[in-house]
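Participant: Structure of the sequence below:
(chains A and B)
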Amino acid sequence: QKEVEQNSGPLSVPEGAIASLNCTYSDRGSQSFFWYRQYSGKSPELIMFIYSNGDKEDGRFTAQLNKASQYVSLLIRDSQPSDSATYLCAVSTGKLIFGQGTTLQVKP
Amino acid sequence: GAVVSQHPSWVICKSGTSVKIECRSLDFQATTMFWYRQFPKQSLMLMATSNEGSKATYEQGVEKDKFLINHASLTLSTLTVTSAHPEDSSFYICSAEGQGKGQPQHFGDGTRLSIL
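Facilitator: Sure, this is the predicted structure:
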């Protein structure tokens, strides 16, 4: 079992829709959770981080954490074509463990 | 805030050349920096953790004599790929961890290394 798992996608949504990206992790002791966006050929860019159970909102982005279920998600509201990228879920265990990433395609 | 600068962006060189990549935290002090490598269509692979003033910690399977890491100050870490060969061609990315436990890592723009 991989330490951090994501569906590789691609996840395709129409412009203006909500995109839902999911991630599960195996280490119950994990305390910090991150979502990074990576455009093709570029380095990752921090989108959100969350430490506590529940929701955390920042603009169009909402991160959700459920430690009991070992589940992290990222919701993108009013998706735009510019949101098309690979989204990396990362869990900190002293060092960052990345999932394989989910490719999101937002179609105009 | 939390800007990480990485240079150079691109390197093309002949096999056998040694290549140095610099990673700087511009507006914060980074006790710990990380070096990653990413092959096409794959996720980031941690190569080593760089600690200011001490030896780097390498991940399993990463040759420490091949990938030399120096973290001489709180704002600068360097990765030197020694005697590079075509199989070392990849996208190398550094990151710096914000101060405080559990802080996010902020990434440099990456260095695309091509060995001919």
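
Participant: Up against chain A, what does chain B have?
Facilitator: The interface of chain B toward chain A, taken as Cβ under 8 Å from any Cβ of the partner chain, is made up of B:6, B:34, B:42-44, B:46, B:49, B:93, B:95, B:102, B:104-110. C-beta: built from backbone N, CA, C; applies to glycine.

Participant: now the residues you listed: which count as buried?
Facilitator: The neighbour count (16 or more other Cβ atoms under 10 Å in any protein chain shown) marks B:6, B:34, B:43-44, B:46, B:49, B:93, B:95, B:104-108, B:110 as buried among the residues of chain B next to chain A.

Participant: wait, which of those is closest to residue B:58?
Facilitator: residue B:49 (8.2 Å; Cβ to Cβ).

Participant: Please give the element, helix or strand, for that closest one.
Facilitator: strand B:45-51 (DSSP states H and E).

Participant: other SSEs contacting that strand?
Facilitator: Strand B:45-51 is packed against strand B:32-38, strand B:57-58, strand B:67-73, with contacts defined by 3 or more Cβ pairs under 8 Å, 6 or more residues apart in numbering or on different chains; DSSP states H and E.

Participant: For residue A:82, which residues are in contact?
Facilitator: residue A:106 (Cβ atoms under 8 Å, 6 or more residues apart in numbering or on different chains).

Participant: Could you list the low-pLDDT ranges of chain B?
Facilitator: The model of chain B has pLDDT under 70 over residues B:1, B:101.

Participant: any idea how far residue B:51 lies from chain A?
Facilitator: Per Cβ to the nearest Cβ, to the nearest Å, residue B:51 is found 12 Å from chain A.

Participant: Return the set of residues that bridge with that residue.
Facilitator: residue B:32 (DSSP bridges).

Participant: Next, count neighbours for it.
Facilitator: Neighbour count of residue B:51, defined by other Cβ atoms under 10 Å in any protein chain shown: 16.

Participant: List the contacts of it.
Facilitator: Per Cβ under 8 Å, 6+ apart, neighbours of residue B:51: B:31-32, B:57, B:71.

Participant: Low-confidence ranges, chain A, go.
Facilitator: A:1-2.

Participant: ok, 80 please
Facilitator: Low-confidence segments of chain A (pLDDT under 80): A:1-2, A:94.

Participant: Around chain B, pick out the residues from it.
Facilitator: A:31-32, A:34, A:36, A:42-46, A:49, A:51, A:88, A:92, A:95-96, A:98-101.

Participant: Next, name the residue at the spatial heart of chain B.
Facilitator: Note on chain B: the residue nearest the mean C-alpha position is residue B:35, at 3.4 Å, using Cα atoms, centre = their mean.

Participant: Now do that one against chain A, distance only.
Facilitator: From residue B:35 across to chain A, the span is 11 Å (Cβ to the nearest Cβ).

Participant: okay, now residue 94: neighbour count?
Facilitator: By default, I'm working from chain A. 12.

Participant: think we crossed wires, I meant chain B
Facilitator: 31.
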